[in-house]
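Q: Let me see the structure of the following:
(2 chains)
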Number of protein chains: 2
Amino acid sequence: MDTNTLGLIAAALTTTAFIPQVVKIWRSRHTKDISLGMFAIFSIGVFLWLLYGIRIDALPVILSNGITLVLSLTILVFKLRYK
Amino acid sequence: MDTNTLGLIAAALTTTAFIPQVVKIWRSRHTKDISLGMFAIFSIGVFLWLLYGIRIDALPVILSNGITLVLSLTILVFKLRYK
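A: Numbers count the residues shown, from 1 in each chain, chains lettered A, B, ... in the order given. The predicted model follows:
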């Protein structure tokens, strides 16, 4: 497998991985066991990766971190809403 | 802030973000609200990022994804152990 493909698959997996967590919370409305700290810190980090991607003009980095940021912030909002 | 520093801070945040979730589970022994699917997919993705980092010989990518993989697998094992 060539290196670019490896990177794209890795990006796709680490981005889409958050979807099952969003769906689980949406169905259960429970977030007690989920760490607010984790998703707060992670969202900031992903936002900085997004800025980094814009700086180096790398579309895969921009796309994957843009989507991950939306998913991570969704979980953060759910965590704040459904204690 | 120069681009390299931005990337290092982003990497540090998206890596250390998982520590509060590990600590929360360790204290509570509860993982019900955490998505097994998320951490299974995420761990595979991070593993591929680790291979990608080795392929392009980029120490920051190797280090951050190596640590994230350990943390993500820890949460996965906790999820399987503490239903």
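Q: Do I have it right that A:T31 meets A:L76?
A: No: counting by CB atoms under 8 Å, A:T31 does not reach A:L76; the two are 9.8 Å apart. C-beta here means a position set from N, CA and C on the backbone, and glycine is covered the same way.
Q: who has more neighbours, the two?
A: Neighbours were counted for A:T31 and for A:L76 using other CB atoms under 10 Å in any protein chain shown; A:T31 has more, 22 against 18.
Q: Give me the pLDDT value at A:V23.
A: Confidence at A:V23, expressed as pLDDT, is 97.
Q: element containing it, please.
A: A:V23 belongs to helix A:18-28 when assigned by DSSP states H and E.
Q: Might you report the residue contacts of A:P20?
A: Contact analysis of A:P20 by CB atoms under 8 Å, 6 or more residues apart in numbering or on different chains lists B:35-38, B:41.
Q: Now, those residues that are in helices?
A: Of these, the ones assigned to helices by DSSP state H are B:36-38, B:41.
Q: quick one: which of the residues you listed has the most company?
A: Highest neighbour count within the ones in helices among the contacts of A:P20: B:M38, with 24 neighbours (other CB under 10 Å).
Q: my read: that one touches A:T16, true?
A: No: using CB under 8 Å, B:M38 is not in contact with A:T16; the gap is 9.5 Å.
Q: And A:N4, how far from chain B?
A: 9 Å (CB to the nearest CB, to the nearest Å).
Q: whoops, I mixed them up, A:K32
A: A:K32 sits 6 Å away from chain B, going by CB to the nearest CB.
Q: Phi, psi for the residue lying closest to that residue once chain neighbours are set aside please.
A: With CB to CB, 6 or more residues apart in numbering or on different chains as the criterion, A:K32 has its nearest non-adjacent residue at 5.6 Å, and that residue is B:D33. The phi and psi values for B:D33, taken as degrees, to the nearest 10, are phi -80, psi -10.
Q: what about B:D33, how many neighbours?
A: B:D33: 17 surrounding residues under other CB under 10 Å.
Q: do the same with A:R81
A: For A:R81, the neighbour count with other CB under 10 Å is 10.
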